[in-house]
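Student: Give me a 3D structure for the following:
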Amino acid sequence: MMTNLFSIFEPSSSIFSLSLNWISTFLGLLFIPYLYWASPSRWSLLWSKMIYTLHKEFKVLLQPSHLGTSVLFIALFSLIVFNNFLGLLPYVFTSSSHMVMTLSLSLPLWITLMIFGWLNHTQHMFAHLVPQGTPFALMPFMVLIETISNIIRPGTLAIRLAANMIAGHLLLTLLGNTGPSLSSSILLILLMSQILLLVLESAVAIIQSYVFAVLSTLYTSEIN
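Tutor: Below you'll find the model as predicted:
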């Protein structure tokens with residue numbers, strides 16, 4: 001039962017003997033070129049407004065010298081939210097539920113920020129290890145705690161996103177597997193529950209993408 005349950009997250013499964021699961025990561029790109037040659041639709045106007053809102057919010061969080069990097073975090077948000085929503089469709093592989101995908105997004109970004117910060121703002125990076133007003137006796141412990149919290153940042157970003165995607169999909173799968181053994185009256189309740197869970201998962205798909213992008217923006221703002 002447990003093997004069958006987690007097989008929906010198995011990246012080595014194949015379609016017609018072809019391992020096509022990871023290609024689902026790039027399905028979102030198919031929807032983007034349409035916005036460049038078609039006349040603006042309600043969907044494209046909504047997406048443009050959302051991107052502009054994100055840009056204004058990231059601009060507040062970033063330092064004045066890093067304003068151009070808001071494009072990077074908007075692209076990061078777009079990639080994650082596309083993958084999260086595509087994973088809600090039947091028989092589409094959810095790449096954002098795998099640590100391979102989430103760590104590939106968070107780890108290079110964190111390493112790049114650390115290299116840039118320590119090479120260009122070394123004094124500030126050292127000062128950041130000891131918060132202002134820390135007693136002298138507690139300084140070694142604060143340096144250790146701040147160092148550990150800094151090192152685990154890419155891991156927490158990756159685990160948060162993957163765990164939230166897995167949890168919702170597992171709940172939907174567990175409830176769906178109980179359907180054949182239920183009576184008609186209870187089946188109607190189960191169907192309503194599945195619809196509500198799908199709405200909740202749609203909200204989680206947006207929220208987790210937003211959290212990932214905002215936390216990455218905050219980590220960037222700390223290096224200057």
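Student: For the rest of this, base every contact and every neighbour count on C-alpha atoms.
Tutor: Fine.
Student: burial count for Tyr91?
Tutor: For Tyr91, the neighbour count with other Cα atoms under 10 Å is 11.
Student: And stretch 170-190, how far out from the chain middle?
Tutor: Relative to its parent chain, stretch 170-190 has a centroid offset of 29 Å by Cα atoms, centre = their mean, to the nearest Å.
Student: Can you point out the buried residues in that stretch?
Tutor: Leu172, Leu187, Leu190 (16 or more other Cα atoms under 10 Å).
Student: Just the ones of these in helices?
Tutor: Here DSSP state H is the test, and these give Leu172, Leu187, Leu190 as lying in helices.
Student: Spatially nearest residue to the first one, not counting backbone neighbours?
Tutor: It refers to Leu172. Using Cα to Cα, 6 or more residues apart in numbering and skipping residues adjacent in sequence, the residue nearest Leu172 is Gln194, 6.6 Å away.
Student: close enough to count as contact, the one you found and Thr173?
Tutor: No. Gln194 lies out of contact with Thr173 (Cα atoms under 8 Å); the separation is 9.6 Å.
Student: Please name the residues that touch Leu54.
Tutor: For Leu54, the contacting residues are Ile74, by Cα atoms under 8 Å, 6 or more residues apart in numbering.
Student: Secondary structure element for it, which one?
Tutor: helix 42-61 (DSSP states H and E).
Student: export the buried residues of stretch 170-190 to JSON lines and tack on distance to Trp110?
Tutor: Below are these laid out as JSON lines (distance: Cα to Cα, whole Å):
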{"residue": "Leu172", "distance to Trp110": "33"}
{"residue": "Leu187", "distance to Trp110": "47"}
{"residue": "Leu190", "distance to Trp110": "42"}
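Student: With distance to Val199 and pLDDT as extra columns, can I get the residues you listed in a markdown table?
Tutor: Shown next, in a markdown table, are the buried residues of stretch 170-190 (distance: Cα to Cα, whole Å; pLDDT from 0 to 100):
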| residue | distance to Val199 | pLDDT |
| --- | --- | --- |
| Leu172 | 11 | 83 |
| Leu187 | 18 | 79 |
| Leu190 | 14 | 81 |
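Student: can you pull the contacts of Val130?
Tutor: If you count contacts by Cα under 8 Å, 6+ apart, then Val130 has Met139, Met142, Val143, Glu146 around it.
Student: try it again with 10 Å
Tutor: Val130 makes contact with Phe136, Leu138, Met139, Pro140, Phe141, Met142, Val143, Leu144, Ile145, Glu146, Thr147, according to Cα atoms under 10 Å, 6 or more residues apart in numbering.
Student: Go through those residues and say which is closest to Pro108.
Tutor: Thr147 (18.0 Å; Cα to Cα).
Student: Could you report the distance from Ser221 to Val211?
Tutor: 15 Å (Cα to Cα, to the nearest Å).
Student: out of these two, which sits in the busier spot?
Tutor: Ser221 (19 against 15).
Student: Many thanks, I have nothing further to ask.
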